[in-house]
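[1] Sequence first, then the predicted structure:
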Amino acid sequence: VQLQASGGGLVQAGGSLRLSCAASGRTFSDYGMGWFRQAPGKEREFVAAISDNGARTDYADSVKGRFTISRDNARNRVYLQMNSLKPEDTAVYYCAALETFDGSVPKYWGQGTQVTVSS
C-alpha cells in the first residue's frame with residue numbers, strides 16, 4: 001500500500017485542520033488505518049485508528065473529544081479532523097495501514113505532513 005498524507009499547516013491554538021491520506025496499490029478496505037505523530041525530540045506516538053470497515057475507532061487519551069478519524073473506502077482515503085488544536089499537538093503526522101486494528105500495529109507508512117499549532 002502506498003500512502004500519501006496531506007492537509008498539514010500552521011494554525012492558531014483553538015483552530016482546526018483536516019488531514020487526508022490517499023491510499024493506492026492494494027485493497028484499501030482490507031486494512032485498518034491509523035494516524036500517528038512525532039514531535040521534535042520525541043518518539044512517534046499513536047493518535048487514532050479506524051477498523052477496515054469503519055465500524056470501530058480508537059483514540060489516544062490526549063486527543064479524545066477533539067480529533068475524529070474517518071474513512072471513505074470508495075475513495076481510498078482516511079481522514080483526521082482535528083479541532084481545538086493545542087500547541088502540544090505540533091508534530092509531523094503520519095498515516096499508516098495497520099497490520100491489525102487491535103493494538104494499532106502499523107504495516108505500511110506514508111510520508112508525514114507537518115502540523116504546527118501556534119499559541
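    Arrived safely.
[2] give me the beta-bridge partners of the residue nearest to G112 when sequence neighbours are not counted?
    Leaving aside its chain neighbours, G112 sits nearest to V92 (3.8 Å; criterion: CB to CB, 6 or more residues apart in numbering). Just so you know, the C-beta spots here come from the backbone N, C-alpha and C atoms, and that holds for glycine as well. Assessed by DSSP bridges, V92 has beta-bridge partners Q38, Q114.
[3] From Y79, how far off is V92?
    Distance, V92 to Y79, by CB to CB, to the nearest Å: 17 Å.
[4] repeat for D61
    21 Å.
[5] quick one, which of the two is more surrounded?
    Y79 (19 against 6; other CB atoms under 10 Å).
[6] residues in contact with the most centrally placed residue in the chain?
    With distances taken as CA atoms, centre = their mean, W35 lies nearest the centre of the chain, 2.5 Å away. By CB atoms under 8 Å, 6 or more residues apart in numbering, W35 lies in contact with 19, 21, 47-49, 69, 78, 80, 93-96.
[7] same deal with R66?
    Counting by CB under 8 Å, 6+ apart, R66 has contacts 82-85.
[8] Give me the sheet partners of the helix or strand bottoming out on mean pLDDT in the chain and which way each runs.
    In the chain, the helix or strand scored least confidently by mean pLDDT, DSSP states H and E is strand 105-109, which has a mean of 93. Each strand paired with strand 105-109, and its direction, by DSSP bridges: strand 91-100 (antiparallel).
[9] Now the strand it pairs with: buried residues?
    91-98 (16 or more other CB atoms under 10 Å).
[10] Okay, the residue nearest to the centre of the chain and S119: tell me how far apart.
    23 Å.
[11] now swap in D102 and tell me
    For D102, the distance to S119 (CB to CB) stands at 36 Å.
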